[in-house]
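Novice: Please work out how this folds:
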Amino acid sequence: MRSKLSVPVFLTVCLLGCCLSGVVLSQAHPPAQLILDGQEAIYHLQYGQARDIFEKAKSQYPDSPVGYGMLSILAWNELLFESSNFALDEYSTPSPFVKARSRRPIENQVRRFREANEALRVKCEQLLERNPDDARALYFQGLVYENLAAEAIVISRNQRPAYSYGKRAKKIHERVLELDKKLVDAQVSLAARDYAARNLPWKWALLAFILGIGGDEESAFRGLQQVAQQGEYRRYDAVLILGLMKAWKGERKYSAEAIELFQGLRKKFPENFLLDLNLAAIYEKDNPKAALQLYEELLRVLPSKAPGLMAGEVRFRIGRNQFRLRNYSQALDAFAQALASPRREKETEPLCEYYRGLIHEAQGDQSRAIESFRAALRHRPLEAIAAELQDADRRLAKLQGS
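Specialist: All right, here's what the predicted structure looks like:
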């Protein structure tokens, strides 16, 4: 004779089955904390640890795009790190993406980035073939084009495909937010386009108008704030981008807000010297004393905290801020130490000589000013500091003709 389940027992079994089913469904993607741990590893500059975390997410959840997507975000961060020119304030000054800059060899990093991005694209297409309304797969598909747009602007320096990729990312991410308003990370690409359309140089603003790209700067800021508070995949990226956007405005109010954002990031990630450099670069315009203090602190901990940064680069920045404070003797000492220290960036030596020339000229020492400007101009022309070298050439001609 078959035993029969009582109604209460039957309901309990059904409820337990539903709960277990819910656990399985909720585990279709890597746990949020695991992904947040990986993001924090990136901002601690622990790229190997971040890779281990995201590879784990990818292998344990092979039907999820999340591991693939986070590996592409990691590859982009590594590419940015390797291509950064620490001798110049590229990411903390207005219009950073339209300035020429010298680079280190980055072929391997570019290749790794493109491979990671392509693997993400393929995974998203597989998932979207099964379900075209898979909001998470759509988000990461949009991220593919967001990444390509960023690479075109920052690395390849090709504006037209950047707009095309950005437009595609925007369209996909708008659809994502229609399907799932909780996937707020999609706001990052929307914010980038809103901000860019309002703050591009005139010729690119005209192109944006022709392409129908509107701009709402405050909307961009609100979107990034939402990602910073609620995002799953770009939380710290949103804080960083928001700080940079406000710094690029070049207005005292926005600079103060940018400083607050960077101070918060530095408190959480104290070993990340890139945050020190960005904050100091923001300070340089209105508070060179604060910038000087940051650079001097960084110089003291350089071997342990910033192995990718050479002493000569930091000493140059110290000299530049002493120059801005009109502490000419200290500035000359710093530039001399910078020239005698290990330095990686091509710009460091000619910039030191240029500023030494300015100081000697201000002090009325014509012969030394001529000597320094000549030394600055002896180097192969560098587009990244073309304005300074042109000024050195103009001042040299004037001094020699007097």
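Novice: shaky segments in the stretch 1-150 of the chain?
Specialist: Applying pLDDT under 70 to the stretch 1-150 of the chain flags the ranges 1-27, 85-104.
Novice: quick one: the helices in it?
Specialist: Secondary structure of the stretch 1-150 of the chain (DSSP state H, counting those that start in this stretch): helices at 7-26, 32-43, 47-60, 66-83, 107-130, 135-151.
Novice: Of all these, which one is nearest residue 389?
Specialist: helix 66-83 (22.2 Å; CB to CB). All C-beta spots, glycine's among them, are computed from the backbone N, C-alpha and C.
Novice: Going by neighbour count, which residues in the closest one are buried?
Specialist: By 16 or more other CB atoms under 10 Å, the buried positions in helix 66-83 come out as 66-80, 82-83.
Novice: before we move on, what about stretch 304-317?
Specialist: Buried, per 16+ other CB under 10 Å, within stretch 304-317: 305-306, 309-317.
Novice: So which bits of stretch 222-234 are buried?
Specialist: Of all the residues in stretch 222-234, those buried under the rule 16+ other CB under 10 Å are 223-228, 231-234.
Novice: And for the closest residue to residue 173 other than its chain neighbours, the neighbour number?
Specialist: Leaving aside its sequence neighbours, residue 173 sits nearest to residue 186 (CB to CB, 6 or more residues apart in numbering; 3.7 Å). Residue 186 is flanked by 31 other residues according to other CB atoms under 10 Å.
Novice: how far away is residue 186 from residue 167?
Specialist: Noted for residue 186: a distance of 15 Å to residue 167, by CB to CB, to the nearest Å.
Novice: just residue 250 next, same as before
Specialist: Taking CB to CB as the measure, residue 250 and residue 167 are separated by 27 Å.
Novice: what sits against residue 71?
Specialist: Residue 71 sits next to 51, 54-55, 58, 116, 119-120 when contact means CB atoms under 8 Å, 6 or more residues apart in numbering.
Novice: Taking those residues together, which two end up most distant?
Specialist: Taking CB to CB, the two most distant members of those are 51 and 120; they sit 14.7 Å apart.
Novice: between these two, who's got more neighbours?
Specialist: Neighbour count, other CB under 10 Å: between residue 51 and residue 120, residue 120 has more, with 25 against 18.
Novice: Could you pull up the residues touching that one?
Specialist: Contacts for residue 120 (CB under 8 Å, 6+ apart) come out as 65, 68-69, 71-72, 140, 143-144.
Novice: can you do 7 Å?
Specialist: For residue 120, the contact set (CB atoms under 7 Å, 6 or more residues apart in numbering) comprises 65, 68-69, 72, 140, 144.
Novice: Dump the buried residues of stretch 304-317 into a markdown table; add pLDDT, distance to residue 356 and secondary structure as well.
Specialist: What follows is the buried residues of stretch 304-317, written out as a markdown table (pLDDT from 0 to 100; distance: CB to CB, whole Å; DSSP: H, G, I helix; E, B strand; the rest coil):
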| residue | pLDDT | distance to residue 356 | secondary structure |
| --- | --- | --- | --- |
| 305 | 87 | 28 | helix |
| 306 | 82 | 25 | coil |
| 309 | 83 | 22 | coil |
| 310 | 87 | 19 | coil |
| 311 | 91 | 18 | helix |
| 312 | 92 | 14 | helix |
| 313 | 90 | 16 | helix |
| 314 | 92 | 17 | helix |
| 315 | 95 | 13 | helix |
| 316 | 94 | 11 | helix |
| 317 | 93 | 15 | helix |
